[in-house]
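*Asks:* Quick one, what's the 3D model for this:
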Amino acid sequence: MENLVETGQTPEQWSAALLARGIRLSPRTLRQTARKYGTYYAMGRTMLLLGEHIEAMLKAEAQRDAAERSKISAEGQSAD
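*Replies:* Below is the predicted model:
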């Protein structure tokens, strides 16, 4: 496991780092998504995210989106 103190970042820090790469994700969105998938470390009110947490959230969201597209596609085909 990585050293959390050195590599963990708050949602605000991740938001700024991602924005520098052209990816707009608010700290609030990062917090909500991390809680949704349980991909974070927390102590008190402080949330820390690692790169692996961000990747896990992205993968989970991609899988959810793919499942929704499959469902919509299947519904569209059954209507024909």
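
*Asks:* What's the local residue count around Tyr41?
*Replies:* A count of nearby residues for Tyr41, using other C-beta atoms under 10 Å, gives 13. All C-beta spots, glycine's among them, are computed from the backbone N, C-alpha and C.

*Asks:* Just to be sure, Leu18 is in a strand?
*Replies:* No: with the criterion set as DSSP: H, G, I helix; E, B strand; the rest coil, the secondary structure at Leu18 is helix rather than a strand.

*Asks:* Just give me the residue right at the centre of the chain.
*Replies:* To find the centre residue of the chain, average its C-alpha atoms and take the closest one (C-alpha atoms, centre = their mean): that gives Met57, at 3.2 Å.

*Asks:* Please report the distance of that residue from Leu18.
*Replies:* With distances defined as C-beta to C-beta, to the nearest Å, the gap from Met57 to Leu18 amounts to 12 Å.

*Asks:* for Arg24, same thing?
*Replies:* Here the criterion is C-beta to C-beta. By it, Arg24 lies 8 Å from Leu18.

*Asks:* Give me the contacts around stretch 30-44.
*Replies:* Around stretch 30-44, the neighbours that count as contacts under C-beta atoms under 8 Å, 6 or more residues apart in numbering are 4, 8, 11, 14-15, 47-50, 53-54, 56-57, 60-61.

*Asks:* one step back: which one of Arg24 and Leu18 is surrounded by more residues?
*Replies:* A side-by-side neighbour count of Arg24 and Leu18, using other C-beta under 10 Å, places Leu18 first with 15 against 8.

*Asks:* which residues does the more buried one contact?
*Replies:* Leu18 neighbours (C-beta under 8 Å, 6+ apart): Arg24, Leu25.

*Asks:* how about a cut-off of 10 Å?
*Replies:* When contacts are counted by C-beta atoms under 10 Å, 6 or more residues apart in numbering, Leu18 is found next to Arg24, Leu25, Ser26, Leu30, Ile54.
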